[in-house]
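A.B. asks: quick one: sequence and predicted model below, then my questions.
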Amino acid sequence: MGRDLVLQVRNLSKSFPGVIALKGVNLDVERGQVHAVTGENGAGKSTLMKILAGIHAPDAGEILFKGRPVRLGNPHEALRMGISMIHQEPLPFPDLTVAENISMGREPTRWFPGWLDKPAMSREAGELLERLGVSLPPWRKMKDLSVAEMQTVGIAKALAYRAEVIIMDEPSSAISGREVEALFGVIRDLKRQGVAVIYISHKLEEIFRTSDAVTVLRDGLHVATHAIGELDESKLIALMVGRDLKPAKPASAVGQGEVALEVRGLRRAGASRTVSFQVRRGEILAIAGLMGAGRTELVSAISGLAPAEIGEIRVRGRSVRIRNTRDAISSGIAMVSEDRMRYGLVPSMSVKHNVTLSSLDRCSRGWFIDQSAENHVTDQQIQAFSIKSPGRNRKVKLLSGGNQQKVVIAKALLTDPTILILDEPSRGIDIGAKAEVYAIVRRLAREGKAILMVSSELAEILSLSDRILVMREGEISAELDPQHTTQEEIMRWAVPN
């Protein structure tokens, strides 16, 4: 019996100025199948998915949907045909509610044409979010949500279209373990209903847990397609990167330097509990916890993104007042946000202008920017952080996720901070870029930086950190030694009683 193919890609190619993104790529997706597409950043995964979602048009090749050639001129055509995409970077309407975002483009009406049935919208949103195991009020404005919550709404919106093919681009990159398990349950339900899921992820554990087949892309080329049972982790990594990766080194001994950061009784607005801890120079302190535990809110208060209501922050023994990010930078604190496209980068600007944005005084003569000095500083950072770009004037939005992340880190380090805060440092980057970012973090710690890291990846926390604080419901529930703990113990302290 032949395979029941719902989507086929034949010899698809796509180029952008100076970049060949795809070269003759093929892909077969069966009904009721989870088909993973993986590869390093820059391999062409996102370009392929955006073509399937109607965002980009291919230069050459053919797409067949249920056996018929189709042209996907825009995302609405793709949706009407039955192809829905959940984007890695949330793309909400920020001033509308959760329910309005989920219903966008197919809003129910009542009584009169154009009169929205908001109760029906709220009911549907509530049912979809409950299906994902998330408690999120449908009336909340999207602009008030965290990245993880926005991503959850994006998943609910895709489910609402009842598509025959759902593309999930890094759907778990900003949600916690509990939400991930709920997502896997939804994927199993979709398979039973005959829906095909194209699953994009850098997390190999997820690929092996969810997928029936996996296609590997590298440098815009189709490398291989295998049934998941034909591969193990080492074989898949070899296909993805085309080279051997050195295993991660164990965390170093706890830094013995002076206390660089001390937080005393810190409480953010709306919270009822306070947090206190210290970080020493040369130490990597990780903060673990579930979504909503208060991790991002804590580091946002320290970095000035969302100032604390009460409490004290001390840098190298001196009390500092942090009302905004400028105060934090002048106090020696720099932050790499979990949402690099919203808080870390200006996507339409060049690599150069992003790198130097927070340190223009290094490149200025009086009121004027010295272009030669700015070019020199940028080239130094590009070399120091191994940023892969055709040139310093390349728009940063055209770089891979891993290289965008390195640009954000390079920009943060130009301020010469004593304390570097990393919120989900490897979110949305591939396994090769992840190894490079880990090496950068370890090097910075050896050079005496105090590193405060938030991560939802427990393996990352155990590999990188010298000490672990677990947060639960807005407070620190445990302090653990990564050399003598396990992922299971971290989760026991993270899950509410």
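C.D. replies: It's in.
A.B. asks: could you check how far Gly73 is from Thr38?
C.D. replies: Distance of Gly73 to Thr38, computed by C-beta to C-beta, to the nearest Å: 28 Å. In this view, the C-beta of every residue, glycine as well, is placed from N, C-alpha and C.
A.B. asks: show me where the stretch 351-497 of the chain has its helices.
C.D. replies: 351-355, 371-384, 401-413, 431-446, 458-464, 487-494 (DSSP state H, counting those that start in this stretch).
A.B. asks: which one of those lies closest to Leu239?
C.D. replies: Smallest distance to Leu239 across these (C-beta to C-beta): 11.3 Å, for helix 431-446.
A.B. asks: mind listing what's buried along that closest one?
C.D. replies: Neighbour-count burial for helix 431-446, counted by 16 or more other C-beta atoms under 10 Å, picks out 431-438, 440-442, 444-445.
A.B. asks: what of stretch 219-239?
C.D. replies: Result for stretch 219-239 [16+ other C-beta under 10 Å]: buried residues 220, 222, 228, 231, 236-237, 239.
A.B. asks: now swap in stretch 65-73 and tell me
C.D. replies: Across stretch 65-73, burial judged by 16+ other C-beta under 10 Å covers 65, 70, 72.
A.B. asks: how close does the first one get to Val37?
C.D. replies: In other words, Phe65. From Phe65 over to Val37 (counting by C-beta to C-beta), the distance is 17 Å.
A.B. asks: same check on Val223?
C.D. replies: Using C-beta to C-beta, Val223 is found at 11 Å from Val37.
A.B. asks: for the two, list the residues in contact with both.
C.D. replies: 216-217 (C-beta atoms under 8 Å, 6 or more residues apart in numbering).
A.B. asks: low-confidence stretches in the stretch 101-250 of the chain?
C.D. replies: Scanning the stretch 101-250 of the chain for pLDDT under 70 picks out 147-148, 173-179, 241, 243-250.
A.B. asks: let's go with 90 and repeat that
C.D. replies: 101-118, 127-136, 143-163, 168-195, 200-206, 218-220, 232-250 (pLDDT under 90).
A.B. asks: the helices in it, which residues?
C.D. replies: 118-131, 147-160, 177-192, 204-210, 233-241.
A.B. asks: among those, which comes closest to Ser463?
C.D. replies: Using C-beta to C-beta, the nearest of the helices of the stretch 101-250 of the chain to Ser463 is helix 204-210, at 14.0 Å.
A.B. asks: may I see the buried residues of that closest one?
C.D. replies: 204, 206-208, 210.
A.B. asks: nearest to Asp117 among those?
C.D. replies: Looking across the buried residues of helix 204-210 and measuring by C-beta to C-beta, the closest to Asp117 is Thr210, at 35.0 Å.
A.B. asks: and that closest one, what is it in contact with?
C.D. replies: Counting by C-beta under 8 Å, 6+ apart, Thr210 touches 34, 36, 184, 187, 197, 199.
A.B. asks: give me the ChimeraX select line for the residues you listed, limited to the buried ones.
C.D. replies: In ChimeraX, this line selects whichever of those come out buried by 16+ other C-beta under 10 Å:
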select :34,36,187,197,199
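A.B. asks: next, the buried residues of stretch 458-476.
C.D. replies: Per 16+ other C-beta under 10 Å, stretch 458-476 contains these buried residues: 458, 460-476.
A.B. asks: could you give the mean pLDDT of that stretch?
C.D. replies: Here stretch 458-476 scores 90 as its mean pLDDT.
A.B. asks: next, the distance between the ends of that stretch.
C.D. replies: One end of stretch 458-476 sits 17 Å from the other (C-alpha to C-alpha, to the nearest Å).
A.B. asks: got the domain ranges for this protein?
C.D. replies: Following automatic domain parsing, one finds the domains of the chain at 5-241, 259-494.
A.B. asks: ranking the helices of the stretch 101-250 of the chain by burial, who's on top?
C.D. replies: helix 147-160 (a mean of 24; mean count of other C-beta atoms under 10 Å).
A.B. asks: quick one: contacts of it?
C.D. replies: By C-beta under 8 Å, 6+ apart, helix 147-160 touches 84-87, 90-92, 98, 101-104, 106, 124-125, 128-129, 131-132, 134, 136, 142, 145, 166, 168, 171, 173-176, 179, 183, 186, 291, 338-339, 342.
A.B. asks: swap in stretch 104-121?
C.D. replies: 76, 79, 93, 96, 99-100, 102-103, 124, 138, 157, 160-161.
A.B. asks: what's the closest of those residues to Leu360?
C.D. replies: Using C-beta to C-beta, the contacts of stretch 104-121 come closest to Leu360 at Phe93, 33.2 Å.
A.B. asks: on that earlier part again, out of the buried residues of helix 204-210, flag the one nearest to Pro307.
C.D. replies: Closest to Pro307, out of all of these and judged by C-beta to C-beta, is Glu206, at 35.8 Å.
A.B. asks: list the contacts of the nearest residue to the closest one once chain neighbours are set aside.
C.D. replies: The shortest distance from Glu206 to any non-neighbouring residue, by C-beta to C-beta, 6 or more residues apart in numbering, is to Ser172 (6.3 Å). Shown in contact with Ser172 (C-beta under 8 Å, 6+ apart): 179-180, 183, 201, 203, 206.
A.B. asks: what distance do you get for Ser172 to Arg192?
C.D. replies: As judged by C-beta to C-beta, Ser172 and Arg192 stand 20 Å apart.
A.B. asks: ok, Ile421 next?
C.D. replies: Per C-beta to C-beta, Ile421 is found 43 Å from Arg192.
A.B. asks: what does Met349 give?
C.D. replies: 46 Å.
A.B. asks: check contacts around His129.
C.D. replies: Careful, residue 129 is Leu and not His. 98, 135-136, 138, 152-153, 156.
A.B. asks: OK, contacts around Ala328?
C.D. replies: 302-304, 322, 334-335.
A.B. asks: likewise for Pro94?
C.D. replies: Contacts of Pro94 (C-beta under 8 Å, 6+ apart): 141-143.
A.B. asks: the closest residue to Tyr199 other than its chain neighbours sits in which helix or strand?
C.D. replies: Closest residue to Tyr199 apart from its sequence neighbours, by C-beta to C-beta, 6+ apart: Ala36 at 4.7 Å. If you go by DSSP states H and E, Ala36 is part of strand 34-38.
A.B. asks: from the chain's centroid, how far away is that strand?
C.D. replies: 18 Å (C-alpha atoms, centre = their mean, to the nearest Å).
A.B. asks: then that strand to PDB, C-alphas only?
C.D. replies: Presented in PDB, the C-alpha positions along strand 34-38 are these (Å, rounded to 0.1, in the frame of the first residue of the first chain):
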ATOM      1  CA  VAL A  34       5.100  13.800  13.000                       C
ATOM      2  CA  HIS A  35       8.000  14.700  10.700                       C
ATOM      3  CA  ALA A  36      10.900  16.500  12.300                       C
ATOM      4  CA  VAL A  37      13.000  18.800  10.200                       C
ATOM      5  CA  THR A  38      16.400  19.600  11.900                       C
END
